[in-house]
Structure formats: structure tokens, C-alpha cells
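[1] how would this look folded up:
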Amino acid sequence: MKIYLFNSFQTLWFSQLKKDNKFYKERLARFCMEIKADFQNHWTTKSRVLNPHEVAGRILDSLGKGGLCGLVNYSDRRYEAFAERADGLPMVTRLANAVYFAGRDVLVVKGEEVPTADGDLLVMGLNEDKHLSPKKSLEYSLKEAHENEGVVIITTPFFGISRVGEIIQKNPKLLSLVDAIEVHDGEALKSANKKAKEFYNNVIKDYYPHLGQLASSDGHSFMEVGSSCTKLSMPQYSQIHSAHQLRDNLRQAVRESKSDENLHKSNSVMGALIHAGILIPMIIAGKFGIKLSRGDQAALR
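    Numbers count the residues shown, from 1 in each chain. Alright, predicted model coming up:
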């Protein structure tokens, strides 16, 4: 009975706060903060073990205090190698899916770009050393991500050879397994971003109102960090104590990202050229059986 009364009082209290919007926002601000987030960033083309202090410093410089940045694996374990190196440093908290730098008040979250058979899929907040199956159908990967409680983001649905946008248009029910759409990717063509944005506005927003929209740099260099980002509302990082709690907060934050005003968009032409200049020789060499360094051994799978 006591628990029931307390829950009823709590529900009534929040309802009253929402009626007085100014009062509600003031109270909510005590628990939440507005932050800038760049979810999709790989930091380097090759799989490297990154210096934690350099990463945290760059996030602070580009996204400010409260900055949140993904460190995204692509068939490697660059995030895990980074987290292992950061573990035990002063004023650093390592969760199972994120590293918090309290001195700078910035958060690095594990990301996984999954190469499905139909195009890439971005999944945030998976636990360390949990890697989703590559080269499966989009539907299979969406279900696998959902089963592992990942925060699911559709990235570059109409860019290059990706068939993700086409498949979702034919089977929109798949969007029930998605949390947000990346409507701007810093390394994608303007035409691809325009189509992703129109897709969100004309189709998704009307029929799947839970979906948020995001802008990300998709960078492969330190200079691209935060070049495209999204303003979100997140709890104080010091109040997040588990991987599960972080995933829940991330999911809520990206789903609430509806306003165009919160999207900072920039096209990273130079970053894309540098990335291609490193990646293309690696791909060509691989076709001829020539092994070029893919990076640091600790960051590879």
C-alpha cells in the first residue's frame, strides 16, 4: 500500500510539473543536461589503440563539457582496446559499454557499425566484446541488435550501394526495431543525406513517431570529431552507474531528438578523401593477396 501511494504521488507530482512548463524545466535541469553528441565516429581509418587523454581532450574541444562521442568498431575491437587502455586512469569510470572522463566531463560510448548483407547498420551501447554477426540480412541484424538491447540507428540508408532505405520502404514494419535515423552523415553525398531527410519527414515521422533524427560526422580522423552532431538531453553522467542504465538513457535521448534546430550539419570532404586515400590501397592489395597493415594488433579481431 505504501509503495502504491508513493508511486501515485510521484506520478501526480510529475503531471503537475508538466503543467507548469517553466517550473518543470527548472526541476528537470537538476537531473539532466543539454549535450552535443557525435554518435558515429571511427577516429581513424585503420584499427588503432587510441590514447585516452587525446581522445577526451578532442571531445572537450569539439563538443564541450558533457560531450558524447561514439568510438565505432567496424569488424574490429578498437573500442575495447581503447577502454582497456583507459581503465584505471585517475578520474575515469569504465562501464561495460562506455568510458567517462570525469575531469573533462565527456563520455565515450561503444559503437558497432554492422556490415549487413544489405548495407551498414549502427548500433550503440553494446557491451564490450559483444559483436553482432556480419553479412546477415538487414532484418536479421535488426533483430539481433534488438535482442542485445542495442540503441539502433539507421545510417546512410541511401548512400552508395546500401539497400537499407529501399528495404525499409518495402517493409516499414522493420522500423519498430529502430530508435533513430541518421538524416545527415558528414561523409555522405548531399543527395544521399537529402533523401534520408525526406524519408524521415515524409514517411517515418508520420507513421513511426517514436523515431528520432540524428546528425553524425562519420569521421575517420580526430579533426572530424563533432563536425556534425546533435543536441540531446541526457542525465548527469556521474548518475549513470551501469551499461543497462546508459542504454536506456541513450535510447530515450535519441528518440526524443525531433527538432531540426538540434542538428549541426557539416560536409567533411577532406576527411572523406583522406579516408578513401588510406582505405582504397588496402582493398586493392587485399584483392591480390598482399597484406597491408590494418592497424594495431590489440584493436583487431
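[2] Give me the below-cutoff pLDDT ranges for the stretch 201-301 of the chain.
    Within the stretch 201-301 of the chain, the ranges that satisfy pLDDT under 70 run 269.
[3] okay, the residue nearest the centre of the chain: pLDDT?
    The residue lying closest to the centre of the chain (CA atoms, centre = their mean) is Phe39, at 3.0 Å. According to the prediction, Phe39 has pLDDT 98.
[4] in terms of contact, does it touch Met124 like I think?
    Yes. Applying CB atoms under 8 Å, one finds Phe39 in contact with Met124, separated by 6.0 Å. Just so you know, the C-beta spots here come from the backbone N, C-alpha and C atoms, and that holds for glycine as well.
[5] Would you pull up how far whichever strand in the chain runs longest lies from the middle of the chain?
    Longest strand of the chain, by residue count under DSSP state E: strand 106-116. Here strand 106-116 is found 6 Å from its chain centre; the criterion is CA atoms, centre = their mean, to the nearest Å.
[6] Give the other helices and strands that that strand contacts.
    When contacts are defined as 3 or more CB pairs under 8 Å, 6 or more residues apart in numbering; DSSP states H and E, strand 106-116 packs onto helix 52-63, strand 68-73, helix 78-86, strand 98-101, strand 119-124, helix 138-147.
[7] and that strand, which strands flank it?
    Counting by DSSP bridges, the strands paired with strand 106-116 are strand 68-73 (parallel), strand 98-101 (antiparallel), strand 119-124 (antiparallel).
[8] Excluding its own residues, what touches the last one? List them.
    Residues lying outside strand 119-124 but in contact with it, judged by CB atoms under 8 Å, 6 or more residues apart in numbering, are 39-40, 70, 72, 109-114, 132, 138, 141-142, 145, 148, 150-157, 161-164, 182, 247, 250.
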